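> I need the structure of the sequence given here:
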Amino acid sequence: MVYPTETFYAIGGNALNKKLGQHISSIKNRPPEKPFPTIIGDLQSLDKLISHWPENARETADKYWPGALTMILPGRKTLPAAITGSDGSIAVRWSPHPLINDLAKLLHTPLISTSANLSSQPPVRKASAIALGIIAETDLLIISDNDDDPDPRPSTIIDVRINPPLLLRPGAVTIN
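Model (predicted):
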């Protein structure tokens, strides 16, 4: 499915479905070894993804989630390769976008959430900019009634497996 988030439009679905990651990589023309970030709708869904909470990671989550903050956490060994890094890590965000948050909660599963663009292209800010090839390959397109943010920022990415956390990409959330 293609859906809005608090940052950009995303393409994704059930992050625990092993075939879905391959399909999305194909749609986006993205190298299959590059893992996808995930979105959760509540902390209970996170239990399906991580092996443990690193020191201070829970405090960071309590302070910034839901929010446009992606945390790199230690993933469970049983996760699909499409959502785990070569070091066993997983990128997770608890989105504050009401629609996608409710959907993730309702499904009780984490969702793949990668920008709805072709690999190496800029992220998609408006539904009208989503490539027709991406739309044709998805089962569901959810369009926001609020495509008016002229300059959305990507999520901030931090690695919380180390203390203090390492900023990997600045974005919408300022960590202090």
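> and His108, how many neighbours?
Counted with other CB atoms under 10 Å, the neighbours of His108 add up to 11. No exception for glycine: its C-beta is placed from N, CA and C like everyone else's.
> An error on my part: the question was meant for Pro154.
A count of nearby residues for Pro154, using other CB under 10 Å, gives 15.
> Could you do Ala136 as well?
Ala136, neighbours per other CB under 10 Å, totals 8.
> One more: the one 5 residues further on?
A total of 15 residues lie near Leu141 under the criterion other CB under 10 Å.
> The spatially closest residue to it that is not a sequence neighbour pairs with what?
Once flanking residues are discounted, Leu141 sits nearest to Val2: 4.9 Å by CB to CB, 6 or more residues apart in numbering. On the basis of DSSP bridges, Val2 is bridged to Ile11, Leu141.
> Just list the residues touching Val2, thanks.
Residues in contact with Val2, defined by CB atoms under 8 Å, 6 or more residues apart in numbering, are Tyr9, Ala10, Ile11, Ala116, Ile130, Ile134, Ile135, Thr138, Leu140, Leu141, Ile142.
> Report the separation between it and Ile142.
Here the criterion is CB to CB, to the nearest Å. By it, Val2 lies 7 Å from Ile142.
> hmm, back to that, now pLDDT and distance to Ile158 too, for the contacts of Val2, in JSON lines please.
What follows is these, written out as JSON lines (pLDDT from 0 to 100; distance: CB to CB, whole Å):
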{"residue": "Tyr9", "pLDDT": "93", "distance to Ile158": "23"}
{"residue": "Ala10", "pLDDT": "95", "distance to Ile158": "19"}
{"residue": "Ile11", "pLDDT": "96", "distance to Ile158": "23"}
{"residue": "Ala116", "pLDDT": "94", "distance to Ile158": "23"}
{"residue": "Ile130", "pLDDT": "92", "distance to Ile158": "28"}
{"residue": "Ile134", "pLDDT": "93", "distance to Ile158": "28"}
{"residue": "Ile135", "pLDDT": "93", "distance to Ile158": "32"}
{"residue": "Thr138", "pLDDT": "92", "distance to Ile158": "30"}
{"residue": "Leu140", "pLDDT": "93", "distance to Ile158": "31"}
{"residue": "Leu141", "pLDDT": "93", "distance to Ile158": "31"}
{"residue": "Ile142", "pLDDT": "91", "distance to Ile158": "28"}
